[in-house]
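Visitor: predicted structure and sequence below. I'll ask about it afterward.
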Amino acid sequence: GNSVTQMEGPVTLSEEAFLTINCTYTATGYPSLFWYVQYPGEGLQLLLKATKADDKGSNKGFEATYRKETTSFHLEKGSVQVSDSAVYFCALRNSGNTPLVFGKGTRLSVIA
Amino acid sequence: KAGVTQTPRYLIKTRGQQVTLSCSPISGHRSVSWYQQTPGQGLQFLFEYFSETQRNKGNFPGRFSGRQFSNSRSEMNVSTLELGDSALYLCASSATGTSGRKVNEQFFGPGTRLTVL
């Protein structure tokens, strides 16, 4: 079956540090990959996505590249801010009609 | 365009009671999915409705049910509540589903936090 594995947190970084959150997946076919972010007390917001191999999704300084050979979709940001503190979820979806499959989430805390 | 709305935002119930949660999707969206989020299990898919029909179903007991109305608004119901049903219930909407590789982005509401005492 389909599954997503992401690094366990919490991750604590100082402001302006480099961020990497690892995500690997197992899936049949060719899934689309997503990163969602959840701020305290809120629902999920789509951060970025990639729909085919070698695609790079990017948004708000975050990037992730769809690597089929390593079945990975690692999230990166060059310089984090306190406002980036949130829980980040990696997810996949195999086609337009199938549900999202989520990783367990990684809590990021950025301190000034 | 208004986002996905969920009501109520917070709910406290006792074991054995039943509860109904409501979700209004983004205007024009016909697909509504429900997810349960707990600290232990993470985000788990409950079910998806499209044009008033259940299209997909997750691995939850029959106590969990849902429906969708002609205006695409959806409700989910949990009967005979158990302590383990305490969770954040998230609703997500997406545009008309298609077959094949096209993937429709899901937009999430703020969730309903259910506490079962």
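Guide: Nice, I can see it. Numbers count the residues shown, from 1 in each chain, chains lettered A, B, ... in the order given.

Visitor: what sits opposite A:Y25 in the beta ladder?
Guide: Per DSSP bridges, the residues bridged to A:Y25 are A:V4.

Visitor: isn't it right next to A:H74, touching?
Guide: No. A:Y25 is not in contact with A:H74 according to CB atoms under 8 Å; the separation is 11.1 Å. Every residue, glycine included, has its C-beta placed from N, CA and C.

Visitor: what about the strands in chain B?
Guide: Using DSSP state E, the strands of chain B run over B:5-7, B:10-13, B:19-24, B:31-38, B:42-50, B:53-57, B:64-68, B:74-78, B:87-94, B:107-108, B:112-116.

Visitor: rebuild those strands as JSON lines, extending it with distance to A:S79 and mean pLDDT.
Guide: Putting the strands of chain B into JSON lines (distance: least, CB to CB, whole Å; pLDDT from 0 to 100) gives the following:
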{"stretch": "strand B:5-7", "distance to A:S79": "34", "mean pLDDT": "97"}
{"stretch": "strand B:10-13", "distance to A:S79": "36", "mean pLDDT": "96"}
{"stretch": "strand B:19-24", "distance to A:S79": "37", "mean pLDDT": "98"}
{"stretch": "strand B:31-38", "distance to A:S79": "29", "mean pLDDT": "95"}
{"stretch": "strand B:42-50", "distance to A:S79": "28", "mean pLDDT": "94"}
{"stretch": "strand B:53-57", "distance to A:S79": "40", "mean pLDDT": "91"}
{"stretch": "strand B:64-68", "distance to A:S79": "43", "mean pLDDT": "97"}
{"stretch": "strand B:74-78", "distance to A:S79": "40", "mean pLDDT": "98"}
{"stretch": "strand B:87-94", "distance to A:S79": "30", "mean pLDDT": "95"}
{"stretch": "strand B:107-108", "distance to A:S79": "27", "mean pLDDT": "92"}
{"stretch": "strand B:112-116", "distance to A:S79": "33", "mean pLDDT": "97"}
